[in-house]
Structure formats: C-alpha cells, structure tokens
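1. compute the structure for the input listed below.
(chains A and B)
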Amino acid sequence: MQCQICNNKDATIHLTEITDGVRSEMHICEQCAAEQGIAIKSHIPINELLSSLLAVQPTDDELADPSERQAACPTCGFTLDQFRKEGVLGCPNDYEVFAKSLQPLIEKAHNGRIAHCGKLPSRTPADAKKQIELLDLRRQLEEAVQNEDYELAAKLRDKISESDK
Amino acid sequence: MKLTDISGDINEWFSGSGPLSDIVVSSRIRLARNLAGHKFLSRCSNAEKSEILAKLKEVLMSLDLGDKVYYISIDKAPALSKNFLVERHLISRHHAFGKGPRGVVMAQREFFTAMINEEDHLRIQVLKAGCQLAQCAKQINEIDDMIEQKVDYAFSPRLGYLTACPTNVGTGIRVSVMLHLPALKMTGQIEKFFNAARDMSLAIRGLFGEGTEAASDLYQLSNQVTLGVSEPQIVSQFEQSIIPEIIEYENAARSRLLSSEPHVLDDKISRAMALLQNAHLISSQEALFLLSHLRLGVNMHRHMGASTPAIKRLCTLCGAGEGKGEHPGLSIATINRLFMLTLPAHLQLNHGEALDPTHRDALRAQIIRSALNQDLPQ
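-> Down below sits the predicted model:
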C-alpha cells in the first residue's frame, strides 16, 4: 500500500480516526507522518503493558471461575484486586490460587505460551506442598509474634528451621 | 571496598573492547529468582525481608567467582552512592530507591552483581564488553547452579521459576545488549528500528539519558518473553538474527552518511569536537550527545576506513595517552571514560563532595577539555 500523502513510499502507519461516529482511515509512510507531526509511540513501559493487559481481562461474569474474583490466597491473603493495583503477586502459591484468572495475562505477556521450557533446578526443589506448608508456617509465626504468643512462636520457628533445611 | 576505588575509571564491560563493540557496546544477562517457602516482597514484613537478605547474602558472599566479592547495603547507603551504582548499571533505579532491607553483592571487576530484595528476592546479572551473550549465559548459568546448591528456589514444573510479576515467570531471564546507533538516529530511521523491535516482542529503552530519546544514542534491547522459550533459544535468537540484522542496518546507515551526506557527518563531528574542546559549561545531556558523535567518527575510521576531513582531524586528537599502537589517536576507551566519568554522581563522588548543577557543568567541561586538548599543537 502506498502512502496517501506522497504517493511514493510504502505506507507503514495506519491511522483510524473516529469523529462523531464517522470512521476514517489514513495510510501514510513514516516520513510523511513525521512531517505531519504524528508521533508514533514506540515504547510501552512494562507497567503500562501490564495494566492494559489487565484491563482486557474478562469481567466477573466471563470468568471461568468467578470464585477467584473474591478469593484471597490462603497463604498470603492476596486478592486479584490487589494484583490489579500493584502488578505483582503476593506469594508463589498465588499462581495456583488464581491460575484461571492469570492464564490470559500470562498468555498475552508471553506470546501465547503457557508452559515452561528451559532450565530446571539442578537438584529437586522442595515439592509444592512443602513450599506451601513453609509459607503457612511463616504466616502463623507472624500472627503469633503479633499476638505476643512467644511460646507458640518459638515452636513455629523450630518447625520452620527444620523443614527449611 | 570504597566506591571511590572504582569510580575513577570505567569498568571492563564499558571499555569499548570485545567483539563487534563498535555497535554492540556490552552484553548483559540477568535472572530473576525467589526463595521457596517465602512470600514475594510486596507481602513481606521487614523482618522477613531481613531474613531473606541475610540468607542470600551469606550464600552469595561465599561464591567462588574468581574475583573479590563485596556487599553494599542499599537501604543504608547515601543517595549519592545509590545514584553512582545506578549510573554504573550495578543496580536498578527501582532497587536504589525502593523500600526495606535490601542490598547488592558485586564482583570487584563489576562483571557480576546480585540485587537482593529488588522486585524479586534475587536478581543476578553478568555483564561483558561487546557482543558476548553466549559467554554471559554460560557464566550466569554456572553461578545460578552454585546458588541453587544452597537454597531452594520457588519453582513450578508448569510455569518454571516463579517471579513476583507474571511477565518474568518461566526462565526469569532478561537478555540484553547495549547498542550504539548514532547513524540510524541521524538518518531518521530509529523509529523504524523501534517498530521492528516491538514487532519481535523486544523491549527497547534509551540509556544514559532521559526517556527513549537517548541523548547518547545508546539503546538497550532486551527480550520480553520469558515463558515457553528456553534460555539458549533466546540467546541464539539474539546472536543469530537480531544482532546481525541491527548491525547491518546501522552499518548501512553509516555507509550512506559517508557516501551521500559526508558534509552532514563532518558537520556533526566538527561541531562536537569544537564544543567539547572549548565549552566551559556543559550539561550531562549535551556531553552525552556530543561524545556520541566522536564515538561514531572514531569507529567509522577504525572499522570502515572513513577519512573525511573531520574524521581525520578527530583521529589526530589524543586522549590521555590512550590509543597508541595499532590505532594511534583518540581511543574509544577514552571517549567511554569521558561518557561515564562525567555523569553527575561520578563527578561528585570523584570530586569528594556534592556539587550544584552549575558547578557540575563547569567541572564536566573542564575534564573533557583537558582530555581532548592534550596533544594538540599549542
């Protein structure tokens, strides 16, 4: 397709404008775009990308599992709403708790890929169950310290250091 | 180690050496990792962050890297030191000005740094001069293996290494190259390069300057997809197709400048020389912009045999006794040294005290003048 302004170079920029419900299209080359003062946004910062991806996430009704929308992660208390605001997850277990809601986001961020391919830990890592148990023990420990139940805290600390070996 | 031990010179990976370094200034690979059994940092109390920091610091300090290893506490460091580490690419801005207990472990020669408690519990990186991604990959993989002998990483067979942000999940790898692309910029083709990069799911950002309009014409190009592609696949995509293609475009733009617009090229180089050799006040942005043109001129002479009048004059300059031997005259190392040593935090750290912008501009101009006027006939 040729540029509509210079009728010479290839049109690489395609603008769609909707004014008062009327749609108009323009196909122009980069040079003419620059001359017209049309700036091309060339870089999308990662947080902007993330929020734009999140914005197109399914609504409550469309969610395969609407319960995830209200759910809080049992190990860290994190919710999807918090993820929306902060852009980072609360704990490794969130990937399981919110698997269905995260899937479209992960797919979009990684060009449609959804499964790991690459390095595996050189030695067998603690299995998922043990990892979640540890997270749970640490949460209980924090609560015990907050409640000034130091006897329970000491017991939990011992348990943690034993299973974290 | 004091920061002033390293602030007086450039680091190895910014020395202008290494394969294809006329365009690929340096290579970097970083891995994002988290400890199993701990929450991600956004949900961690300071006590848990301290626990993670202590554990990882101990492991990292015991690594055999073939170099001295140092630890710097970032939460306790003064702002000037933090800015210096950011300018040096040893830590991210996010790490410098984040919250809570955090630190960095670094090799003295600066080829390796590990940020503890940045966005993830651990972010390790290896940096090398020129195009050396395969070497970076090998070394960082070995270091990662050594760390993994001592800690359990959060890992899922389905999603790989689990990271705080799902955009890093999988390999947790960020492969990047620092590219000097002045000719693409001068010939108005840099936007085309941005678009091509975006089409290939690559991230691009300007370095040593504000925003993507890098005053220095230095750009960092990195992968964004970390899931479903293996580490060697990503590295080989960079080495086999992405980097050769960019080098070809930049070289074609350089040839075109030389053959069809030598006056434009000479004008840029001559103006850069005149300003840098004579200015008494120069901002960081202006210095980066002008030094980029000198870098282009010297590299065009070295790699393409260009000898326009301005390039000839440029190459008779002698910076700080450098560039003797095969290529007498101004060396890339000297230009890169001026690049880095005149950045605001470097200037102030080497001067020994904080300086207001005007004094910085004066000191910067003085350093550049004296380096570029050394062997000129009086």
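
2. where does chain A have its least confident helix or strand?
-> The helix or strand of chain A with the poorest confidence is helix A:46-55; it has a mean of 55 (mean pLDDT, DSSP states H and E).

3. C-terminal to that one, what's the next element?
-> Remark: after helix A:46-55, the chain's next helix or strand is helix A:67-70, criterion DSSP states H and E.

4. which strands and helices sit next to that following helix?
-> helix A:99-109 (3 or more Cβ pairs under 8 Å, 6 or more residues apart in numbering or on different chains; DSSP states H and E). C-beta here means a position set from N, CA and C on the backbone, and glycine is covered the same way.

5. in the helix it packs on, what's buried?
-> Residues A:Ser101, A:Leu102, A:Pro104, A:Leu105, A:Ile106, A:Lys108, A:Ala109 are the ones in helix A:99-109 that count as buried (16 or more other Cβ atoms under 10 Å in any protein chain shown).

6. low pLDDT regions in chain A?
-> A:19-20, A:37-65, A:123-129, A:164-165 (pLDDT under 70).

7. what residues are up against the residue in it that chain B sits nearest to?
-> Chain B sits closest to A:Arg113 of chain A, with a gap of 2.6 Å, by Cβ to the nearest Cβ. By Cβ atoms under 8 Å, 6 or more residues apart in numbering or on different chains, the contact set of A:Arg113 is A:Glu107, B:Gly170, B:Val225, B:Leu227, B:Gly228, B:Val229.

8. and those residues, which are buried?
-> Neighbour-count burial (16+ other Cβ under 10 Å) is assigned, among the contacts of A:Arg113, to B:Gly170, B:Val225, B:Leu227, B:Gly228, B:Val229.

9. pLDDT score for the second one?
-> The reference is to B:Val225. At B:Val225, the pLDDT value in this model is 95.

10. from chain A, how far out is it?
-> 5 Å (Cβ to the nearest Cβ, to the nearest Å).

11. can you map out the helices along chain A?
-> Per DSSP state H, chain A carries helices over the ranges A:30-35, A:46-55, A:67-70, A:80-86, A:94-97, A:99-109, A:128-146, A:150-163.

12. sorry, that was for the stretch 201-350 of chain B
-> Assigned by DSSP state H, counting those that start in this stretch, the stretch 201-350 of chain B shows helices spanning B:231-237, B:243-260, B:262-278, B:284-304, B:309-316, B:332-341, B:344-351.

13. thinking again about what came up before, between the buried ones among the contacts of A:Arg113, which is closest to B:Asn195?
-> Distances from B:Asn195 to those, taken as Cβ to Cβ, are shortest for B:Val225 (17.8 Å).

14. residues contacting that closest one?
-> A:Ala109, A:His110, A:Asn111, A:Arg113, B:Ser201, B:Ile234.

15. ok, B:Val69 touching B:Ala107?
-> Yes: counting by Cβ atoms under 8 Å, B:Val69 does reach B:Ala107; the two are 5.8 Å apart.

16. give the residues shared as contacts by the two.
-> Joint contacts of B:Val69 and B:Ala107 (Cβ under 8 Å, 6+ apart) do not exist.

17. thinking again about what came up before, closest one to chain A among the helices of the stretch 201-350 of chain B?
-> Using Cβ to the nearest Cβ, the helices of the stretch 201-350 of chain B put helix B:231-237 closest to chain A, at 5.2 Å.

18. what separates that closest one from the chain centre, distance-wise?
-> For helix B:231-237, the distance from its own C-alpha centre to the chain's C-alpha centre is 20 Å (Cα atoms, centre = their mean, to the nearest Å).

19. CA-only coordinates of it in CSV, if you can.
-> C-alpha atoms of helix B:231-237 as CSV (Å, rounded to 0.1, in the frame of the first residue of the first chain):
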residue,chain,number,x,y,z
GLU,B,231,17.4,-19.7,27.7
PRO,B,232,19.7,-21.0,24.8
GLN,B,233,16.9,-20.3,22.3
ILE,B,234,16.6,-16.7,23.4
VAL,B,235,20.4,-16.2,23.4
SER,B,236,20.7,-17.7,20.0
GLN,B,237,17.9,-15.7,18.5
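
20. if we can go back for a sec, the buried residues of helix A:99-109: which ones sit near chain B?
-> Among the buried residues of helix A:99-109, the residues within reach of chain B (Cβ under 8 Å from any Cβ of the partner chain) are A:Leu102, A:Leu105, A:Ile106, A:Ala109.

21. which residues touch the closest residue to the first one other than its chain neighbours?
-> So the one you mean is A:Leu102. Distances taken as Cβ to Cβ, 6 or more residues apart in numbering or on different chains put B:Pro166 closest to A:Leu102, at 5.9 Å, once the chain neighbours are dropped. Residues near B:Pro166 by Cβ under 8 Å, 6+ apart: A:Leu89, A:Tyr95, A:Leu102, A:Leu105, A:Ile106, A:Ala109.

22. settle this for me: the first one is touching A:Phe83, isn't it.
-> Yes: taking contacts as Cβ under 8 Å, A:Leu89 lies within contact range of A:Phe83: 6.1 Å.

23. anything in contact with each of these two?
-> Residues touching both A:Leu89 and A:Phe83 comprise A:Phe98, with contact defined as Cβ under 8 Å, 6+ apart.

24. these two - which one has more neighbours?
-> A:Leu89 (28 against 22; other Cβ atoms under 10 Å in any protein chain shown).

25. who's in contact with the more buried one?
-> A:Phe78, A:Phe83, A:Tyr95, A:Phe98, B:Phe40, B:Ser42, B:Ala164, B:Cys165, B:Pro166 are the contacts of A:Leu89 under Cβ under 8 Å, 6+ apart.

26. same check, this time on B:Gln224
-> B:Gln224 sits next to A:Ile46, A:Ala109, B:Thr167, B:Ser201, B:Leu202, B:Ala203 when contact means Cβ under 8 Å, 6+ apart.

27. could you rerun that using 6 Å?
-> With contact taken as Cβ atoms under 6 Å, 6 or more residues apart in numbering or on different chains, B:Gln224 is in contact with B:Ser201, B:Ala203.

28. secondary structure class of B:Gly18, three-state.
-> coil (DSSP: H, G, I helix; E, B strand; the rest coil).

29. can you tell me how far it is from B:Val25?
-> 8 Å (Cβ to Cβ, to the nearest Å).
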